[in-house]
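Student: need a structure here:
(2 chains)
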Amino acid sequence: MQQLTRRSFLKTTATAAAGATILPVLSRDWLAFSAGDATGYFENGFGITDSLCRKVLAGALARGGDFADLYFEHTITNYLMLEDGKVNRAYTNIALGVGIRTVKGDQVGYGYTQELTEQSMLAAAATAATIASSTATTPAGAFIGLKTKNYYPLKTLLSEIPLSSKLPMVQSVNDRCFALSPLVIKVSAGFNDVQKRILIVSSDGTKVEDLLPSNFLFTNVVAEKNGRKERAGWNLGGRKDFSFYTQAITDEVAQTAVERSVILFDAVKPPAGEIPVVLGPGLTGILLHEAIGHGMEADFNRKKISTYATMIGKQVAEPFVTIIDDATLPGLPGSLNVDDEGTPGQKTLLVDKGILTSYLHDKISARHYGVASTGSGRRQSYEHYVQPRMRNTYMLAGPATPDDVIRSVDKGIYVQDVSNGEVKIGEGDFAFYVSQGRMIEKGKLTAPIKDINIMGNGPKMLNNVTMVASDLEMSRGGAGMCGKGGQGVPVGFGQPTILVKSLTVGGTQA
Amino acid sequence: MNKELLDLAQWSMKTAKSAGADECRVSIQSGRSVEVSYRERKPENIKEASTRGLSVEVFANSRYSAQTTSDLRKDSLKPFIENAVASTKLLAEDPFRTLPDVKFYRDRAKVELGVFDAAYESLNPEDRHTTVKAIEEICLARGGSKVISVTAEVADGRSDVVLAASNGLEGQRGFTYYRAGAVMTLQDEGSRRPNGYHFVTTVAKRTLPGAEEIGLEVARRTFDLLGGVKIKTETLPVIIENSNVPRVLNGLIAAMYARSVQQKQSFLADKKGKKIASDRLTLIDDPHVVGGLGSRLFDGEGMATKKRVMIDAGVLNEFYVDWYYGRKLGWEPTTAGMSNLIIPPGKRSVREIMKDLGRGILITGFIGGNSNSTTGDASMGIIGHLFDQGAPVQAVAEMNVAGNHLEFWQKLSEVANDPWPYSSWRTPSLVFTDVVVSGT
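Tutor: Numbering: from 1, shown residues only, chains lettered A, B, ... in the order given. All right, here's what the predicted structure looks like:
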């Protein structure tokens, strides 16, 4: 019951450091079909007909309100785990339920039930209806099915992949880790897959279904040298088809984790205090997520509690800085065909050539500001409210080369892997935890560093981005989760190599 | 005993055994929760739900799996459990996976834990609105012209849990909770808009502080954030405020689990019986605190709980040893996880301690950071106040503390007299000397 309200954190978990790759070039044809295999799932499997939905929506609007919506969810989560050389445990979770929301202005009534019976749904709708107190409004007479693009096509449903196909993959990670270094003394590995089916029906007539996969292969490696132990992890995944998990991927997960654990024996502690920080490409995009992304979520801004609440249209960074939040990148953890309110997935410019451009909107904030939703309304599950959330957040490539950026620093640090971060929305102060990096001395990468927290302030940091390189990469990890108001949703990150001329590095040397 | 839940648990076990499970353990939860928040003197969110969930752990042919579902219809559960048993048999053999020896189920304490508030069933729904409105009004009045936003919230709930295992375990517990608090945002210099908050949780309505006390504390904490700046890097004594101690203590606890030890991920693996902290640190796990948010007579594996001194005057006494990892390590099990964590309070208040410390920082919040359970290295961002001879000097932000747990806890010099009562972590404020605080 820990309170996280208004403070947000992000974690990729100890097992979830992630790799990075060049942003793929997309074939638009490949995207141009609907998520047809999702259609009719709830009607066929659970008897959720249009007339039943209309009846429940009428219940949710029985005391008035601007609109109401139903969010049906059936999620199957599987988790296979290896320890001590054997895949010796499996976990499965099934979540089934419906969340019913009535919205009046910026007020929300919410009820949910795990029983998809008319009686239970009407009772939850009656709870949601209590937010309003006027005369009943009427839901649309007919629902129009929304056709969406598919940013995560599946050849085979994860639920149809037999356990016998997954077991050798996890076993192979373990065997490969031990083969790679005699220093490896313990390996844990696993495969996590989530198959989430949703149906959203709104009183405005919108009806849309989606099937969201989410999966990753991970390992954690403990190495020992001269009595000292070090640990590192790695994962690869996203909204992937099972065919993604080739032997090459398995080998990459193992090799990266082993390399990253063994190198830590040479790690040194950087000096404490303000120093230049270079962020390498890929996962370090967590910096953007914390330093600006959360502050641009429109609920914080309509309430005027974000440090960015009065900055739209203002120059906040150099002209070579452009930051995007994007649901349309194929197979990434934060990609969405449709958000959790039924708005199609899209791409939103947060900072355009240094100018703060748009907040991330759900339907409530969009109505507040008189703009269209950016498709950023997300929720952890049917048990949760919708909030404006990030999807895949990244900075576009800039004019410098990565070598130029590193060479420009006389004494500083280079950040390679980040495990988690947090921001204080109103102050703009943020932190991220560096699990691995390097010292920079006289323009060259030198000793490894590890386990340091770095602090900064969002608007100040944006102003202090003095170089952006051309090597944009998106994190290829699938385990990145963002927490806000007690809800976790999968997100993605990306960034080219950048220089922030000053951040506060935590250390033990005054 | 909740007969409906218990009957379903027995039916589930029977179904699992019929499908080929050697043993199984079933947990069923049924609950209800309500949340009401107000902003700008009107309801912002109203949420209410009843929930149920079932977890079944299958032990078959020395193999193990665990499954949970919210779909408790028997015609869904039956294939769910049968599939679980069939899938379990595909996994690798693990001879350490068994149900606990029944001797560990016995001798449950004869204590009335006081974790279920009988008044819950007779709550007046309007009371929630009255309380939350009152908290918002206090915050608004106290914040005056500096207020940008106040969101006040109350929540409450009840839950019944049944735990049963095929080797004879049966247990049930019911508990209630009440939460209240608010988040407040004030206008500071420039674009800074500090968000302060204060939330309290109790098991009984009668022990929840009044709206005025909560509202005043929200306002005090938020005003304390105004003017926060980064100061120069310095070695100073620091006081970690009571409610924030768990964020640091958690890094120590993570290394005290048998799994961490067995998986070579514990910097405390070889430290049992050794000094790992200053004499000032005693840490007690007490599952029998009356009204404690972590109180329980049996743990998640059904083992009867006992009060345990985990760290005694700086010496590591015990680990959290569950049945499975205990068998792997060859260690006697203790308990599968934390209940109520207690650091016995000292004699002096934080105010008195500050007067004697000279120049130091009172840490009132953390931001980011992490702790490595394998090495003990930790680093965390801090928020708080610089003080001198007990007098506040400057709010601080954007700063950091770092170190290794094995060194950091040796610097614990005093424990204050203010245990935080609104959590299962009943920690007082703690004083550490010679801590490097990173800033400019």
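Student: mean confidence for the top helix by length along chain B?
Tutor: In chain B, with assignment by DSSP state H, the single longest helix is helix B:125-143. What helix B:125-143 shows for mean pLDDT is 96.
Student: I'd like to know which elements it is packed against.
Tutor: Helix B:125-143 is packed against strand B:23-39, strand B:147-165, strand B:170-186, helix B:211-223, with contacts defined by 3 or more Cβ pairs under 8 Å, 6 or more residues apart in numbering or on different chains; DSSP states H and E. The C-beta positions use only the backbone N, C-alpha and C, and glycine is treated the same way.
Student: which residue ranges form the strands in the stretch 101-250 of chain A?
Tutor: With DSSP state E, counting those that start in this stretch, the ranges of strands along the stretch 101-250 of chain A come out as A:107-113, A:144-145, A:184-202, A:206-225, A:228-238.
Student: and the ones you listed, which one's lowest on average pLDDT?
Tutor: strand A:144-145 has the lowest average pLDDT among these, namely a mean of 90.
Student: what lines up beside that one in the sheet?
Tutor: strand A:206-225 (parallel) (DSSP bridges).
Student: chain center to the partner strand, what's the gap?
Tutor: 11 Å (Cα atoms, centre = their mean, to the nearest Å).
Student: ditto for stretch B:148-164
Tutor: On Cα atoms, centre = their mean, the centre of stretch B:148-164 falls 14 Å from the chain's centre.
Student: Contact partners for the residue lying closest to A:L288 once chain neighbours are set aside?
Tutor: Of all residues not flanking A:L288 in the chain, A:T393 sits nearest, at 5.2 Å (Cβ to Cβ, 6 or more residues apart in numbering or on different chains). By Cβ atoms under 8 Å, 6 or more residues apart in numbering or on different chains, the contact list for A:T393 reads A:285, A:288-289, A:293, A:323-326, A:334, A:350, A:491-494.
Student: same deal with A:V505?
Tutor: A:V505 neighbours (Cβ under 8 Å, 6+ apart): A:P270, A:P271, A:A272, A:G273, A:E274, A:I275, A:V277, A:I413, A:I452, A:I454, B:N400, B:S438.
Student: and if you look at B:I311?
Tutor: Neighbours of B:I311 in contact, by Cβ under 8 Å, 6+ apart: B:I276, B:A277, B:L281, B:T282, B:L283, B:N317.
Student: Model confidence for the residue nearest to A:L288, exactly?
Tutor: pLDDT, read off for A:T393, is 97.
Student: Point out where the stretch 251-400 of chain A drops to low pLDDT.
Tutor: Along the stretch 251-400 of chain A, segments meeting pLDDT under 70 are nowhere present.
Student: Break down it into its strands, ranges please.
Tutor: So, for the stretch 251-400 of chain A - with DSSP E, counting those that start in this stretch - the strands run A:273-279, A:323-326, A:347-352, A:355-356, A:377-378, A:387-388, A:392-395.
Student: Can you point out the helix or strand that includes the closest residue to chain A within chain B?
Tutor: Of all residues in chain B, B:G368 sits closest to chain A, at 2.5 Å by Cβ to the nearest Cβ. If you go by DSSP states H and E, B:G368 is part of strand B:359-371.
Student: and that strand, what does it pack onto?
Tutor: strand A:411-424, strand A:429-441, strand A:452-457, strand B:234-240, helix B:245-253, helix B:350-357, strand B:377-388, strand B:391-404.
Student: A:A232 contacts A:Q436, doesn't it?
Tutor: Yes - the pair A:A232 / A:Q436 is scored as a contact, 7.1 Å apart, by Cβ atoms under 8 Å.
Student: Between these two, which is the more surrounded one?
Tutor: A:A232 (26 against 23; other Cβ atoms under 10 Å in any protein chain shown).
Student: Now secondary structure and neighbour count too, for the contacts of B:I311, in JSON lines please.
Tutor: Formatted as JSON lines, the contacts of B:I311 follow (DSSP: H, G, I helix; E, B strand; the rest coil; neighbours: other Cβ atoms under 10 Å in any protein chain shown):
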{"residue": "B:I276", "secondary structure": "coil", "neighbour count": "21"}
{"residue": "B:A277", "secondary structure": "coil", "neighbour count": "21"}
{"residue": "B:L281", "secondary structure": "coil", "neighbour count": "22"}
{"residue": "B:T282", "secondary structure": "coil", "neighbour count": "18"}
{"residue": "B:L283", "secondary structure": "strand", "neighbour count": "23"}
{"residue": "B:N317", "secondary structure": "coil", "neighbour count": "15"}
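Student: Go back to those residues and keep what's next to chain A.
Tutor: By Cβ under 8 Å from any Cβ of the partner chain, no member of the contacts of B:I311 lies near chain A.
Student: dump the residue contacts of residue 255.
Tutor: The chain I'm using is chain A. Contacts of A:Q255 (Cβ under 8 Å, 6+ apart): A:R176, A:L180.
Student: oops, chain B please
Tutor: By Cβ under 8 Å, 6+ apart, the neighbours of B:A255 are B:Q265, B:S266, B:F267, B:L268, B:A269, B:S373, B:G376, B:H405.
Student: change it to 6 Å
Tutor: B:S266, B:F267, B:L268, B:S373 (Cβ atoms under 6 Å, 6 or more residues apart in numbering or on different chains).
Student: Return the per-residue confidence for the third one.
Tutor: What it means is B:L268. So B:L268 comes in at 98 (pLDDT).
Student: Tell me, how many residues neighbour it?
Tutor: That count, for B:L268 with other Cβ under 10 Å as the rule, works out to 23.
Student: give me phi/psi at it?
Tutor: Main-chain dihedrals, B:L268, degrees, to the nearest 10: phi -100, psi 10.
Student: Same check on the second one?
Tutor: For B:F267, the backbone dihedrals (degrees, to the nearest 10) come out as phi -70, psi 0.
Student: Can you tell me the closest non-neighbouring residue to it?
Tutor: Per Cβ to Cβ, 6+ apart, closest to B:F267 is B:G376, 3.7 Å.
Student: go on, the third one?
Tutor: If you skip the residues right next to it in sequence, B:L268 has B:A255 as its closest partner in space, 4.3 Å away by Cβ to Cβ, 6+ apart.
Student: sec struct for the one you found, please.
Tutor: Secondary structure assignment for B:A255 (DSSP: H, G, I helix; E, B strand; the rest coil): helix.
Student: So what's the predicted local confidence for it?
Tutor: Looking at B:A255, the pLDDT reads 98.
Student: Neighbours of A:Y41, how many?
Tutor: 18.
Student: Tell me who's in contact with it.
Tutor: Per Cβ under 6 Å, 6+ apart, neighbours of A:Y41: A:R197.
Student: Could you rerun that using 8 Å?
Tutor: A:H74, A:R197, A:L199, A:E209, A:L211.
Student: Identify, from the residues you listed, the entry nearest to chain B.
Tutor: Of the contacts of A:Y41, the one sitting nearest to chain B (Cβ to the nearest Cβ) turns out to be A:H74, at 8.7 Å.
Student: who wins for proximity to B:D117 among the strands of the stretch 101-250 of chain A?
Tutor: With Cβ to Cβ as the criterion, B:D117 lies closest to strand A:107-113 of the strands of the stretch 101-250 of chain A, at 23.3 Å.
Student: So is that closest one next to chain B?
Tutor: Yes - counting by Cβ under 8 Å from any Cβ, chain B has neighbours in strand A:107-113: A:Q107, A:V108, A:G109, A:Y110, A:G111, A:Y112, A:T113.
Student: you'd agree the fourth one is up against B:P43?
Tutor: No - using Cβ under 8 Å, A:Y110 is not in contact with B:P43; the gap is 11.2 Å.
Student: In terms of neighbours, single out the busier of the two.
Tutor: Neighbour totals were compared for A:Y110 and B:P43, and A:Y110 leads with 25 against 20 (other Cβ under 10 Å).
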